[in-house]
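S.K.: structure of the sequence below:
(one chain, ligands or ions: 2)
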Amino acid sequence: MSFRLTYATMYNPPEAMHERFDAAMARVEATLGGSHPLFVNGADCYTAEYADRRAPFDSDLRLGEFALASLVDADEAMAAAQAAFPAWRATPVAERARMVRRVGDLMEQRVYEIAAALTLEVGKNRMEALGETQETVDFFHHYANDFENHAGYTNPLPDDPIEGIASHNASVMRPYGVWVVIAPFNFPLALAGGPAAAALVTGNTVVLKGASDTPWAGRLLADCIRDAGLPPGVFNYLSGSGRDIGEALVQHPHTAGITFTGSVPVGRQLMQHMVSGAYPRPCIAEMGGKNPCIVTARADLERAAAGIVRSAYGMSGQKCSALSRVYVHESIADALIERLQAQIAAIRIGDPRRREHWLGPVVNAAAYANYQRYADDLRAAGARVISGGAQLGTASDGAPALARGYYVEPLLAEASLTHPLWRQEMFLPILMLHRCGDRDEAMRLANDTSMGLTAGFFGAADEVAWFHDHIEAGVTYANRQQGATTGAWPGYQPFGGWKGSGSTGKAIASFYYLAQYLREQSRTVVE
Ligand SMILES: NC(=O)c1ccc[n+]([C@@H]2O[C@H](COP(=O)([O-])OP(=O)(O)OC[C@H]3O[C@@H](n4cnc5c(N)ncnc54)[C@H](O)[C@@H]3O)[C@@H](O)[C@H]2O)c1
Ligand SMILES: N[C@@H](CCC=O)C(=O)O
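M.R.: Ligands and ions are numbered 1, 2, ... in the order given. As a prediction, this is how the structure comes out:
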């Protein structure tokens, strides 16, 4: 089988992938320092204010200046999207699908350059960055194909059974209008591009807002959409603060629907807003996780340790799918901990541009400070900190090369079940472990959370059905060493949360996803 990049295969890429990434990184670095405007109504939009941005792994490395949208810019983007809606909605399905697919094609041609930019902007390692870019390509292709396969969701229905009268029926799905997409910092391309692709192919027009820490990714997406030839106003890109520009978009009278990906508090606020007002409007909110993994007495511990470490610490724990809680049978807990310690010790931390570094920094100064606060909280509460617990690059740790970045150690701790961090999403490389007397106790604790995004299991084959029957999570993995709770890929693993992790119960890239961007119209026509 030829190599196909997914989050499950990214651990063993062909050598050529490294060579191409290194070459692309050199090209992208040679152009750093430029000015990056917004994209509104088919044109670059130069605005009054710009934010200077630096790499999270090196404060001396200036990426460039990125436009900060004003309220006027937001209004212009919404007006452009509203004006473009009638013609885009009327564009034949095949033509919309062709253009959306073309965005994916163009992004695929630029996959190495865009991945290099993601490494520079977010601090993720090269395989995570290449993975995210390829995932975005796949979203554009997947949704274009899916919409065509559903024949645009138009379904003829039987004529009414009225004698002597021809009364024809059909169900037609129609787009809503201007769809606002609000993206998080950690997957600023895929979680902007995926929802945008879904909204566009179904006939909505889009205004995208990127996260404040990651304005570059959205602009690179906008370039692909512009070059694919989508008409002016169909897609618009803004970067700026959530509190100002995000809220302005959410409150805007043209907003017909929203896809928000981000934290629980913000997601809940948006959902509440969208059900209030003159009438309720759709809000697809993909939110946080507090993802558990159960390890039973009969688990393969080598496999478990590999899967746990990849999911707890990959991308410095800054994935909604990241593993933060392990419940392990007491009879094998020490053996598992020993293996986890060995795996953690082997993690190479440093400049994420270099292929040997699996772990880069956390995203910003606030996350860096939170890490130390949580580590100190755990210690103060009497937790047993088994590995990690310190920021790196401080004067005393002997790693001055790391001093210009937000580097921290992967942390593993055993803590009392009453500790508040068992319930709080930290979004950092912090894993907490608890020893359980039996698997039912482990399941009870795993489900004792208001969130339900992903969950992992390591045990015997005849225990897997029990895991699936009882676990309360939208994305589940059994005995997966490629990632105990992380690494879903469009077309392979639909991705969406239960309980407080998601608002719809329908997953990204699932069979049911695109229908959420459409409203049904029942049509009866009597001859
Ligand atoms: N379920 C998923 O698929 C998924 C995927 C990735 C990340 N996440 C979650 O995202 C979070 C991390 O991302 P983050 O720190 O960027 O999240 P965040 O909630 O701080 O911000 C997300 C986006 O919302 C914007 N925003 C903030 N306040 C706003 C407001 N009042 N009105 C409108 N927009 C506003 C931000 O500017 C950003 O673009 C974690 O909780 C993580 O679990 C979930
Ligand atoms: N889709 C990614 C997570 C995205 C959220 O941050 C995964 O499955 O690991």
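S.K.: for the rest of this, base every contact and every neighbour count on C-alpha atoms.
M.R.: OK.
S.K.: does ligand 1 have contacts with the longest strand anywhere in the chain?
M.R.: Ranked by number of residues, the top strand in the chain under DSSP state E is strand 58-68. No - Strand 58-68 lies out of reach of ligand 1 by CA under 6 Å from any ligand atom, never closer than 11.6 Å.
S.K.: just the strands in the stretch 1-150 of the chain please.
M.R.: With strands called from DSSP state E, counting those that start in this stretch, the stretch 1-150 of the chain shows them at 34-36, 38-40, 43-45, 49-55, 58-68.
S.K.: around ligand 1, pick out the residues from the protein.
M.R.: Residues of the chain lying close to ligand 1 (CA under 6 Å from any ligand atom) are 182-185, 209-212, 241-243, 246-247, 261-263, 266, 286-289, 320.
S.K.: alongside ligand 2, which residues does the stretch 351-500 of the chain contribute?
M.R.: Residues of the stretch 351-500 of the chain lying close to ligand 2 (CA under 6 Å from any ligand atom) are Thr486, Gly487, Ala488.
S.K.: and those residues as a markdown table, adding distance to Met451 and neighbour count?
M.R.: Below are these laid out as a markdown table (distance: CA to CA, whole Å; neighbours: other CA atoms under 10 Å):
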| residue | distance to Met451 | neighbour count |
| --- | --- | --- |
| Thr486 | 16 | 28 |
| Gly487 | 18 | 22 |
| Ala488 | 18 | 22 |
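S.K.: and the end-to-end length of stretch 481-495?
M.R.: End-to-end span of stretch 481-495 (CA to CA, to the nearest Å): 18 Å.
S.K.: next, count neighbours for the closest residue to Arg102 other than its chain neighbours.
M.R.: Nearest non-adjacent residue to Arg102, counting by CA to CA, 6 or more residues apart in numbering: Ala228, 5.7 Å away. Residues contacting Ala228 under the criterion other CA atoms under 10 Å number 19.
S.K.: same check, this time on Leu340
M.R.: Using other CA under 10 Å, Leu340 has 23 other residues around it.
S.K.: and the one 5 residues further on, by the same measure?
M.R.: The burial count assigned to Ala345 is 12, neighbours taken as other CA under 10 Å.
S.K.: please work out which of the strands of the stretch 1-150 of the chain is packed deepest.
M.R.: Most buried of the strands of the stretch 1-150 of the chain by mean neighbour count (mean count of other CA atoms under 10 Å) is strand 38-40; its value is a mean of 26.
S.K.: show me what it is packed up against.
M.R.: strand 43-45, helix 71-90, helix 215-227, strand 235-239 (3 or more CA pairs under 8 Å, 6 or more residues apart in numbering; DSSP states H and E).
S.K.: let's go with 10 Å and repeat that
M.R.: Applying 3 or more CA pairs under 10 Å, 6 or more residues apart in numbering; DSSP states H and E, one finds that strand 38-40 contacts strand 43-45, strand 58-68, helix 71-90, strand 205-210, helix 215-227, strand 235-239.
S.K.: who touches the residue lying closest to Arg101 once chain neighbours are set aside in this structure?
M.R.: The shortest distance from Arg101 to any non-neighbouring residue, by CA to CA, 6+ apart, is to His141 (5.1 Å). By CA atoms under 10 Å, 6 or more residues apart in numbering, the contact set of His141 is Ala97, Arg98, Val100, Arg101, Arg102, Val103, Gly104, Asp105, Glu135, Gly194, Ala197, Pro490.
S.K.: likewise Ala74?
M.R.: By CA under 10 Å, 6+ apart, the neighbours of Ala74 are 40, 80, 207, 209, 236-240, 244-246, 248-249, 252.
S.K.: farthest pair in the residues you listed?
M.R.: Of all pairs drawn from the contacts of Ala74, the widest gap by CA to CA lies between Ala80 and Asp244 and measures 19.5 Å.
S.K.: what stretches of the chain score poorly on pLDDT?
M.R.: The model of the chain has pLDDT under 70 over residues 1, 395, 398.
S.K.: hey, where'd the helices end up in it?
M.R.: For the chain, the helices defined by DSSP state H cover 15-30, 71-90, 93-109, 111-122, 126-149, 190-201, 215-227, 247-251, 264-275, 301-313, 333-345, 365-380, 439-446, 464-470.
S.K.: dump the first one to PDB, keeping only the CA atoms.
M.R.: So that's helix 15-30. Extracted in PDB, the C-alpha atoms of helix 15-30 (Å, rounded to 0.1, in the frame of the first residue of the first chain):
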ATOM      1  CA  GLU A  15      12.000  10.200   3.900                       C
ATOM      2  CA  ALA A  16      10.900  12.400   0.900                       C
ATOM      3  CA  MET A  17       8.300  14.000   3.100                       C
ATOM      4  CA  HIS A  18      11.000  15.300   5.500                       C
ATOM      5  CA  GLU A  19      13.100  16.600   2.600                       C
ATOM      6  CA  ARG A  20      10.100  18.500   1.100                       C
ATOM      7  CA  PHE A  21       9.100  19.900   4.400                       C
ATOM      8  CA  ASP A  22      12.700  21.200   5.100                       C
ATOM      9  CA  ALA A  23      12.800  22.800   1.600                       C
ATOM     10  CA  ALA A  24       9.400  24.400   2.100                       C
ATOM     11  CA  MET A  25      10.400  25.700   5.600                       C
ATOM     12  CA  ALA A  26      13.400  27.400   4.100                       C
ATOM     13  CA  ARG A  27      11.300  29.100   1.400                       C
ATOM     14  CA  VAL A  28       8.600  30.200   3.900                       C
ATOM     15  CA  GLU A  29      11.200  31.500   6.400                       C
ATOM     16  CA  ALA A  30      12.800  33.600   3.600                       C
END
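S.K.: quick one, it and helix 111-122 angle?
M.R.: Interaxial angle, helix 15-30 versus helix 111-122 (axes from the mean of the first three to the mean of the last three CA atoms, to 10 degrees): 60 degrees.
S.K.: quick one on the thing from earlier: show me which of the residues of the chain next to ligand 1 are buried.
M.R.: The neighbour-count criterion (16 or more other CA atoms under 10 Å) marks 182-185, 209-212, 241-242, 246, 261-263, 286-289, 320 among these as buried.
S.K.: narrow those to those in strands?
M.R.: Using DSSP E, these in strands are Ile182, Lys209, Gly210, Thr261, Glu286.
S.K.: is it true that the second one touches Gly193?
M.R.: No - assessed by CA atoms under 10 Å, Lys209 is found out of contact with Gly193, at 11.2 Å.
S.K.: so what's in contact with those two at the same time?
M.R.: Common neighbours of Lys209 and Gly193 (CA under 10 Å, 6+ apart) are Val181, Ala183, Gly218.
S.K.: list phi and psi for the second one.
M.R.: Torsion angles at Ala183 (phi, psi; degrees, to the nearest 10) stand at phi -110, psi 150.
S.K.: circling back to that earlier point, show me which of Ala80 and Asp244 is the more surrounded one.
M.R.: The neighbour count for Ala80 versus Asp244, taken as other CA under 10 Å, is higher for Ala80 (23 against 13).
S.K.: residues in contact with Arg6?
M.R.: Check again: residue 6 is Thr, not Arg. The neighbours of Thr6, taking CA under 10 Å, 6+ apart as the test, are Met127, Glu128, Leu130, Gly131, Glu132, Gln134, Glu135, Gly487, Ala488, Trp489, Pro490, Tyr492.
S.K.: quick one: Val40 from ligand 2, how far?
M.R.: Val40 sits 27 Å away from ligand 2, going by CA to the nearest ligand atom, to the nearest Å.
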